[in-house]
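Asker: Following is a predicted model, sequence given first.
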Amino acid sequence: MKDSDLTTRLLHADRRFGVEHGGLHKPIHTSVQYGFDRVENLIGVFQGTLKGAYNYARQGTPTTAALEALLTQMEGGRGSICFSTGMAAIAAVFFTLLRAGDHLIASKHVFGNTNSVFGTLGDFGVEVSKVDATSVAGVAAALRPNTRMVFVETIANPGTQVPDLAAIGEFCREHGLLYVVDNTITSPALFRPASVGAGLVVNSLTKTIAGHGAALGGAVTDTGRFDWSGYPNLFGAYRTGDAGGWGLAQIRKKGLRDLGAALAPEQAHRISLGAETLMLRTTQSSRTALTLARFLEAHPAVARVHYPGLASHPQHGVASALFSAGSWLLSFELKDPSTLSATMNRLRLAVLATGLGDTRTLVIPVAPTIFWEAGAEVRAEMGIADGLIRVSLGLEDEADVIADFAQALGGD
Ligand SMILES: *Cc1c(COP(=O)(O)O)cnc(C)c1O
């Protein structure tokens, strides 16, 4: 798919699947149960022989299915499953595809709550190695006979590290490992993990894809690149028919149905509306992010700026080769951390709030908030300085954003 096609396709995707009464948007179907004319059809929906039918809303609705079809198109995959949050999607992948005794290799630069799940996995008997994935050598060094899966994020929050995505994909292919890529920060507007051999793609729909901060949601997309026929942890019940569908079948039953974090149809509708403007939003917010990153890098009060679009970023080469823009996420360190509160309190436009990928620019001091629970040791290990500020660029006019940071940092 060419990037230029994305908006065109998204705008007309619902209609192509046939919307009731010719509606341009897929309606919000709130029914939990679905009735059938004949008992054979009721039996068929349980046995999986009646295709395209709904059973009980925890396993899917016409509204969530429309969003799943949209996401599959966006990621260039073979199928997707929506969840109530990004964390539910991530947890479903780990808890349905890993078993006690398995080994997971994960980037050490991941979303804090994902890192917290790694701790829980350890208690369930899954070994987790956290590695520096900015070089494939870090992943390769952790390989064991019981390694099943490699997990990375495209652009890490808040440090903006970019893994050696293509080389890790090649490594996973050579060793038959399931490659799971969290595409939340880049989103399919800037990057499709299928292009580097990812088997599964995770997106927090809450962030870039919905884009408005008015709905929580998550999704797993199967890219069709992974050969499930050799994957050991699949139950016999899901090993029927085309092996390409086995992984998603197990994630839908064991993950969505059994763990129960279903996406509500109202939220699916809001996320679908947000997704229509994904390309326009990421283009604008990435442009503003690059301008702000350059401004901050030249500012005397700033020690360093983390943004993949800057030539000074350690993975600038990989990011420029793979991503169509540097994204809307950056972070920067103040030279004097004691000025952190005063500087942030002077911001008038940027909102002091957690969250990412909103229409509004959001800023948060990282060490005392999102990485507080992790503790000083983890912060030091992850390179999170006390004066680190994360910025999620919104859609405000670029000049207004720069002016706000200029007046807050002072010195002009
Ligand atoms: C926010 C986020 C998640 C979790 O998504 P929620 O929808 O908030 O549960 C996962 N991965 C990344 C990279 C995120 O930024």
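Answerer: Okay, I see it. Quick caveat: nothing in here was measured; it's all calculated off a predicted structure.
Asker: In terms of helices and strands, where is the closest residue to V196 other than its chain neighbours?
Answerer: With C-beta to C-beta, 6 or more residues apart in numbering as the criterion, V196 has its nearest non-adjacent residue at 4.0 Å, and that residue is G169. Backbone N, C-alpha and C define where each C-beta goes, glycine included. For G169, the host element (DSSP states H and E) is helix 165-175.
Asker: what comes up buried for that helix?
Answerer: L165, A167, I168, G169, F171, C172, R173 (16 or more other C-beta atoms under 10 Å).
Asker: quick one: contacts for the third one?
Answerer: With contacts defined as C-beta atoms under 8 Å, 6 or more residues apart in numbering, the neighbours of I168 are A133, V136, V139, V150, V152, Y179, V196.
Asker: Please convert those to JSON lines, extending it with pLDDT and neighbour count.
Answerer: Putting the contacts of I168 into JSON lines (pLDDT from 0 to 100; neighbours: other C-beta atoms under 10 Å) gives the following:
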{"residue": "A133", "pLDDT": "98", "neighbour count": "28"}
{"residue": "V136", "pLDDT": "98", "neighbour count": "20"}
{"residue": "V139", "pLDDT": "98", "neighbour count": "28"}
{"residue": "V150", "pLDDT": "98", "neighbour count": "29"}
{"residue": "V152", "pLDDT": "98", "neighbour count": "28"}
{"residue": "Y179", "pLDDT": "98", "neighbour count": "27"}
{"residue": "V196", "pLDDT": "98", "neighbour count": "24"}
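Asker: Cross the residues you listed against helices and list the overlap.
Answerer: For those, the ones inside helices are V136, V139, with DSSP state H as the criterion.
Asker: Just give me the closest of the contacts of I168 to K253.
Answerer: Comparing the contacts of I168 against K253 with C-beta to C-beta places Y179 closest, at 22.5 Å.
Asker: For the nearest residue to A198 once chain neighbours are set aside, what are phi and psi?
Answerer: In this structure, A198 finds its nearest non-sequential neighbour in V181, 4.1 Å apart by C-beta to C-beta, 6+ apart. Dihedral angles of V181 (phi, psi; degrees, to the nearest 10) stand at phi -120, psi 120.
Asker: Name all residues that make contact with V181.
Answerer: By C-beta under 8 Å, 6+ apart, the residues touching V181 are F151, V152, E153, T154, L165, P193, V196, A198, L200, V201, V202.
Asker: repeat that for 10 Å
Answerer: 107, 150-154, 163, 165, 168-169, 191-194, 196-203, 221, 223 (C-beta atoms under 10 Å, 6 or more residues apart in numbering).
Asker: restrict these to contacts with the ligand.
Answerer: E153 (C-beta under 6 Å from any ligand atom).
Asker: ok, of the contacts of V181, which come out buried?
Answerer: 107, 150-154, 163, 165, 168-169, 191-194, 196-203, 221, 223.
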